[in-house]
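In: Structure for this input, please:
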Amino acid sequence: MKTISLSAPGSISVLEQEFDDSVTKMALLRVISSGICAADSYLWSGKHPWDISYPIVPGHEIFGEVIEIDAELETRFKPGTKVAVQVNVPCYTCELCLKSKFNMCVNRKHFGSTFKGAFAEEIAIPVGARMHAYADEINDLIGGLSETMANAIYCSRKVDLEGEKDVLILGMGSIGACLAHYLKTTYPQLKVTVLTSSEGKKKRLEMLGISATSLNGIGKLADHFDVVFETSGFADNFKAGLSALKPAGTAMVYGVFQSEMLFDFNQVSEFKELTLIGGHLADDASFELSTSFLTKHQNELDYLISNIVGFENFTSAFSDSKFSQFKTIFQPTHRSEA
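Out: I've put the predicted structure just below:
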């Protein structure tokens, strides 16, 4: 099996590897595509906030086709089924798992770190992993957005979006872009504004009927928004977003910050009585909504994929300017044009 192997930060090679003998395999998938996200770039740079034991086969945004399935362990899928797989494998015994909060399992293990990930031709899915089937045909590249869209949908489900509201999305990376498209499609009564400095992204937002603003622009919108979604991971954006919230507004924070952040907490308590909501990983319901949304709207979403890499040109993924646009997709069958 051909894999991308990361032996240490900055050291990538293409290797033939076997599956982990220690993994009790529930299924074997042919990897169709896998999204590359900021967490993968942190693994590459050595700046990941978790304690990572190298070498690893990265890739946790899994979309593939079932090749083999243990029918005694899993009866919902059969060979040929296309599936999205959640990044974490829960323990099913901790307090949070017993409350069905599997995405927050305290003993969870992860693809791309604990288990070999999806930057490979095939991937072994261990017992306990949570898979979600596509009921209808889905584009091979759009399927690689399964987790990103699920995360965006999870953000939306954490907040009350009923009625007419002014909503601000901080950041238009892949999650922010998916969230903007999902909100515009699913909640047409919302007035959505997105923070971005990219002229290309501003033009795309205009095509979708979504307003764009700059950091300076947000500074002129104090007490304007009912809901702010933080997807960028930048402290200055978050601080500006809190200032832009109306009293009794809600901030939903999903971005991953690379350092500690200082801000005036009186904005939350004394002055505005804001609600702060955190988000970590998409849950089962969000994945199910993601697979149905991507299937229904797949012909509208090509713009969300800014780059495609394979084994030959994988190392270009993090240096290519397209990485900072929307989503870079790894596809095992992709061949470099160079």
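
In: I'd like the next helix or strand past whichever strand or helix holds Cys97.
Out: Using DSSP states H and E, Cys97 falls within helix 95-98. Sequence order places strand 109-110 as the next helix or strand after helix 95-98, per DSSP H and E.

In: which residues sit against that next one?
Out: 60, 87-89, 115 (CB atoms under 8 Å, 6 or more residues apart in numbering). Backbone N, C-alpha and C define where each C-beta goes, glycine included.

In: Could you list the paired strands of that strand along with their orientation?
Out: Partner strands and pairing direction for strand 109-110 (DSSP bridges) are strand 88-89 (antiparallel).

In: what mean pLDDT would you report for the partner strand?
Out: Mean pLDDT, strand 88-89: 95.

In: Compare the contacts of strand 109-110 and tell me which has the most neighbours.
Out: Val87 (27 neighbours; other CB atoms under 10 Å).

In: For the stretch 1-150 of the chain, just list every one of the helices.
Out: Secondary structure of the stretch 1-150 of the chain by DSSP state H, counting those that start in this stretch: the helices cover 38-45, 95-98, 146-157.

In: Now do the last one: distance to the chain's middle.
Out: Think helix 146-157. 7 Å (CA atoms, centre = their mean, to the nearest Å).

In: The following helix or strand past that helix pairs with which strands?
Out: As assigned by DSSP H and E, the chain's next helix or strand after helix 146-157 is strand 166-170. Counting by DSSP bridges, the strands paired with strand 166-170 are strand 191-195 (parallel), strand 225-230 (parallel).

In: and the angle for strand 166-170 with helix 146-157?
Out: Here the directions of strand 166-170 and helix 146-157 differ by 140 degrees (axes from the mean of the first three to the mean of the last three CA atoms, to 10 degrees).

In: Quick check: phi and psi on Thr213?
Out: phi -150, psi 160 (degrees, to the nearest 10).

In: Domains in this structure, by residue range?
Out: Annotated domains of the chain cover 2-149+282-330, 159-278 [automatic domain parsing].

In: What number of residues are in the vicinity of Pro49?
Out: 10.

In: Among the strands paired with strand 166-170, which comes closest to Ile153?
Out: strand 225-230 (11.8 Å; CB to CB).

In: and that closest one, what's its mean pLDDT?
Out: 98.

In: now the next helix-or-strand element following that strand and strand 166-170, what's the angle there?
Out: Next along the chain after strand 225-230, taking DSSP H and E as the criterion, comes helix 235-244. Computed by the same axes, to 10 degrees, the angle separating helix 235-244 from strand 166-170 equals 170 degrees.

In: Check which residues of helix 235-244 are buried.
Out: Buried residues in helix 235-244, counted by 16 or more other CB atoms under 10 Å: 235, 237-244.

In: Among the residues you listed, which one lies nearest to His334?
Out: Asn237 (33.0 Å).

In: Am I right that that closest one is in contact with Leu170?
Out: Yes - in this structure Asn237 lies within contact range of Leu170 using CB atoms under 8 Å: 4.4 Å.

In: And the helices in the stretch 201-338 of the chain?
Out: Taking DSSP H, counting those that start in this stretch as the test, the helices found in the stretch 201-338 of the chain are 215-219, 235-244, 284-297.

In: Can you tell me which of those is nearest to Leu145?
Out: Minimum separation from Leu145 across those (CB to CB) falls at helix 284-297, 6.2 Å.

In: Report the inter-axis angle for the closest one versus helix 146-157.
Out: Relative orientation of helix 284-297 versus helix 146-157 (the same axes, to 10 degrees): 110 degrees.

In: Which residue is the nearest non-sequential neighbour of Lys25?
Out: Distances taken as CB to CB, 6 or more residues apart in numbering put Ala124 closest to Lys25, at 4.9 Å, once the chain neighbours are dropped.

In: Show the contacting residues for Gly59.
Out: So Gly59 contacts 4, 31, 34, 36, 40, 111-112, 117-120, 123, 330 (CB under 8 Å, 6+ apart).

In: Closest to Ala212 out of these?
Out: Of the contacts of Gly59, the one sitting nearest to Ala212 (CB to CB) turns out to be Ile36, at 24.9 Å.

In: count of neighbours near that closest one?
Out: 26.

In: Over to Cys105?
Out: By other CB under 10 Å, the residues close to Cys105 number 20.

In: so how far is Val83 from Val309?
Out: Separation of Val309 from Val83 (CB to CB, to the nearest Å): 22 Å.

In: go on, Leu262?
Out: 43 Å.

In: Neighbour count for these two, which is higher?
Out: Val83 (23 against 7).

In: shouldn't the more buried one be in contact with Phe77?
Out: Yes - at 6.5 Å, Val83 counts as touching Phe77 under the criterion of CB under 8 Å.

In: list residues touching both of these two?
Out: The contact lists of Val83 and Phe77 share 66, 131, 133, where a contact means CB under 8 Å, 6+ apart.

In: show me what contacts the first one?
Out: Yep, that's Val66 we're talking about. 27-29, 77-83.

In: ok, now with 6 Å
Out: Residues in contact with Val66 (CB atoms under 6 Å, 6 or more residues apart in numbering) are 27, 77, 79, 81.

In: Not counting residues beside it along the chain, what's closest to Cys91?
Out: Of all residues not flanking Cys91 in the chain, Asn107 sits nearest, at 3.9 Å (CB to CB, 6+ apart).
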